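Novice: Sequence first, then the predicted structure, then my questions.
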Amino acid sequence: MNIWFTSDTHANHAGISGPELSKWKSGYRTFKTVQEMNDCMVETINKYVKEDDILYHLGDFCFGSHNKTPIYRNSLICRNINILRGNHDEHIDLYKYRYLFSSIFFCQIRSIIKLPQA
C-alpha cells in the first residue's frame, strides 16, 4: 500500500481544460474537450494509485457540473480517497457526497499575515 497526494484536478472545468474551450488568455491546459481532460486525469491517477492505496486530494477535486462528481470519483479505482475541500468543492459536503470519500476535511483560513523579512 502506498500513500499518494494530489490536488487541483478541477474535473469538468471547461475554463481550465484548453484554449478551444477557455475564455482565458492563459493558464489553461492543452485538451480539446473536457472529457479528454477528465479521461487523461483518470488514466494517469489509476496508472499510479492502486485500489488499496490511500489518496489525499488537497482541494478542487471537481468544478462545475457537480452532478458529475460521482461519475468522476467512481472512475478512480482507489477505494480510499480522503479529500480536503478546496474553494471549488463547496458541493462536497458531509451529506450529499459523503459516501464517495473515506473522509472529508474542511479548512478555513481567516487571515493571511505577511511576516517581516529578517
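Specialist: Noted; the coordinates are in hand.
Novice: chain center to the host helix or strand of Tyr56: distance?
Specialist: Using DSSP states H and E, Tyr56 maps to strand 54-57. In terms of CA atoms, centre = their mean, to the nearest Å, the gap separating the centre of strand 54-57 from the centre of its chain is 10 Å.
Novice: Next: stretch 9-26.
Specialist: Mean-position distance between stretch 9-26 and its chain equals 14 Å (CA atoms, centre = their mean).
Novice: now the end-to-end length of it.
Specialist: Criterion CA to CA, to the nearest Å; first-to-last residue distance in stretch 9-26 is 17 Å.
Novice: Could I get the average pLDDT for it?
Specialist: Averaging the model's pLDDT scores along stretch 9-26 yields 82.
Novice: do the same with stretch 91-100
Specialist: On average, stretch 91-100 scores 79.
Novice: which residues make contact with it from outside it?
Specialist: With CB atoms under 8 Å, 6 or more residues apart in numbering as the test, stretch 91-100 has contacts from Phe61, Cys62, His66, Thr69, Pro70, Arg73, Asn74, Ile81, Ile83, Arg85, Phe101, Ile104. For the C-beta atoms, the positions are set from N, CA and C on the backbone; glycine is no exception.
Novice: buried residues in it?
Specialist: Neighbour-count burial for stretch 91-100, with 16 or more other CB atoms under 10 Å as criterion, is recorded at Ile92, Tyr97, Leu100.
Novice: Save the residues you listed as TSV, and put in distance to Ser7 and secondary structure too.
Specialist: Formatted as TSV, the buried residues of stretch 91-100 follow (distance: CB to CB, whole Å; DSSP: H, G, I helix; E, B strand; the rest coil):
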residue	distance to Ser7	secondary structure
Ile92	14	coil
Tyr97	18	coil
Leu100	17	helix
